[in-house]
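Colleague: task: produce atomic coordinates for the following.
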Amino acid sequence: MSRYLMHLLLFPTRVSLCFLSLLYWIVVYGTAAITACLVLIRIIWNGFWDPYGTFHWTVRQQPPACLRDPALGKHAYLYGRSSGLRFHYVTKGDHRKPLMLFLHGFPENWYSWRYQLVEFSRCYHTVALDLRGCGNSDAPSQLEDYSLEKLLYDIRDTIDELGHTSCILVGHDWGGMLAWHFALERPDMVQRLVIMNAPHPASWLDAVLRRPSQLLRSGHACFFQLPFLPEIALSLEDFKLVRSMLCGGRVGIRNRARRLTEAQLEGYLYRLSHPGALTASLNYYRSLLSNTLYKHQDVAVTSMLIWGEEDNILVEGMSGGTRPYIRGPVVVHTIPDCSHWVQQDQPEVVNNLLWDFLLDRDSISNHTTHGLFSNASASGALNGDSRNL
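Modeller: This next block holds a predicted model:
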């Protein structure tokens, strides 16, 4: 009788969860369908007026010089114990020092962390990883190879293979989403957590259901759930959409001094232009969005969230919405006039925030700060303040 009563009491909750799940996928695929229609109209229009230019793209055969710059660190490979895959990474600093592991987002690779690799190598063993399917790391072709469980095993194996038991974990975009999940699953392996422009998974779901504007601003994440068409759309006009994501006036890097040169942009297009590379990258979206409903636990690790205030990919205010899902000490910083690509857009400001967090100069007693850096403090960052542990 008591068991029957328990099931009866839980019935409304289960119905609510099923309804929430159904609503979530209706919203996601509804947005995907609308975006797909707009993309197809644009492809047809451009293809009619300039068929060669529209349906032409180049496979890059040689890596650009920026990816081979020895000043950024040493290139190396490791094999994942769980997967057997080979992972490429760039490292700088003494391997006997604490590990600082950087996880990139889309459409990036290890190179997005160039400003942090060098800056923190004085006191840390800095490692920027090419995630599974990205850069020079192995790229399995099946969607199931990008399940959340396997991606988290990759992070665990990387820490182990580098000879460490834990790390300072830093993630941006989908690398930030992976970092959130890893901190939830393996808090014992995360000394401190730094997230840049990536909401807690539950916070993203809340924003989607409460503020549909989030899906309008990040409709690409829903569009990427579709097969084949996103890969074609991203390749057209020699990867024009990828270029506009990083360099466009609406969503690209805003800081004129840090805008990507053509050579630096080629650092991202080099591997993405190869057959199958875009599918591997997009499989992250196809996998991670399916896990959004199930990760509502609170993060207990000491954390810092950095948010570019002019992020036109993720909805404004989502950084603050993440706060209820962090149980441990946390500080949230927003950087004014900064895009989604925060560590490349304002590297001096980001590096200063990281130093303050790592050296306990920040007041990490569960608070949020906005526009932390004044012009004077930003100048100090540009002049290269020296810090030692």
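
Colleague: only C-alpha atoms from now on, for both contacts and neighbour counts.
Modeller: Will do.

Colleague: next one, pLDDT for the most centrally placed residue in the chain please.
Modeller: Centroid-nearest residue in the chain: D173, 2.0 Å away (criterion: CA atoms, centre = their mean). pLDDT recorded at D173 is 94.

Colleague: please, where are all the strands along the stretch 1-150 of the chain?
Modeller: 74-79, 86-92, 99-103, 125-129 (DSSP state E, counting those that start in this stretch).

Colleague: I'd like those strands as a markdown table, with mean pLDDT, mean neighbour count and distance to L152 appended.
Modeller: Output for the strands of the stretch 1-150 of the chain, formatted as a markdown table (pLDDT from 0 to 100; neighbours: other CA atoms under 10 Å; distance: least, CA to CA, whole Å):
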| stretch | mean pLDDT | mean neighbour count | distance to L152 |
| --- | --- | --- | --- |
| strand 74-79 | 98 | 15 | 15 |
| strand 86-92 | 98 | 21 | 14 |
| strand 99-103 | 98 | 25 | 12 |
| strand 125-129 | 98 | 26 | 13 |
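
Colleague: gap between the residue nearest to the centre of the chain and Q62?
Modeller: Distance of D173 to Q62, computed by CA to CA, to the nearest Å: 27 Å.

Colleague: surely the residue nearest to the centre of the chain is in contact with P201?
Modeller: No: D173 is beyond contact range of P201, at 11.7 Å (criterion: CA atoms under 8 Å).

Colleague: output the lowest mean pLDDT helix or strand found in the chain.
Modeller: helix 375-382 (a mean of 36; mean pLDDT, DSSP states H and E).

Colleague: got JSON lines for the strands of the stretch 1-150 of the chain, with distance to A183 too?
Modeller: Shown next, in JSON lines, are the strands of the stretch 1-150 of the chain (distance: least, CA to CA, whole Å):
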{"stretch": "strand 74-79", "distance to A183": "22"}
{"stretch": "strand 86-92", "distance to A183": "21"}
{"stretch": "strand 99-103", "distance to A183": "13"}
{"stretch": "strand 125-129", "distance to A183": "17"}
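
Colleague: indicate which one of these is closest to L288.
Modeller: strand 99-103 (14.9 Å; CA to CA).

Colleague: just checking, what packs against that closest one?
Modeller: strand 125-129, strand 167-172, helix 174-185 (3 or more CA pairs under 8 Å, 6 or more residues apart in numbering; DSSP states H and E).

Colleague: swap the cut-off to 6 Å and go again
Modeller: In terms of contacts (3 or more CA pairs under 6 Å, 6 or more residues apart in numbering; DSSP states H and E), strand 99-103 is packed against strand 125-129, strand 167-172.

Colleague: can I get these in a markdown table with distance to G252?
Modeller: Shown next, in a markdown table, are the helices and strands packed on strand 99-103 (distance: least, CA to CA, whole Å):
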| stretch | distance to G252 |
| --- | --- |
| strand 125-129 | 22 |
| strand 167-172 | 15 |
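
Colleague: how far away is M304 from L101?
Modeller: When M304 is compared with L101 (using CA to CA), they lie 15 Å apart.

Colleague: sec struct for V194, please.
Modeller: strand (DSSP: H, G, I helix; E, B strand; the rest coil).

Colleague: tell me the pLDDT of it.
Modeller: pLDDT at V194 comes out at 97.

Colleague: and A207, by the same measure?
Modeller: 65.

Colleague: ditto for S287
Modeller: 85.

Colleague: which residues touch it?
Modeller: S147 (CA atoms under 6 Å, 6 or more residues apart in numbering).

Colleague: which SSE is immediately downstream of the helix or strand where it lies?
Modeller: Using DSSP states H and E, S287 sits in helix 277-288. For helix 277-288, the succeeding helix or strand toward the C-terminus, using DSSP H and E, is strand 303-308.
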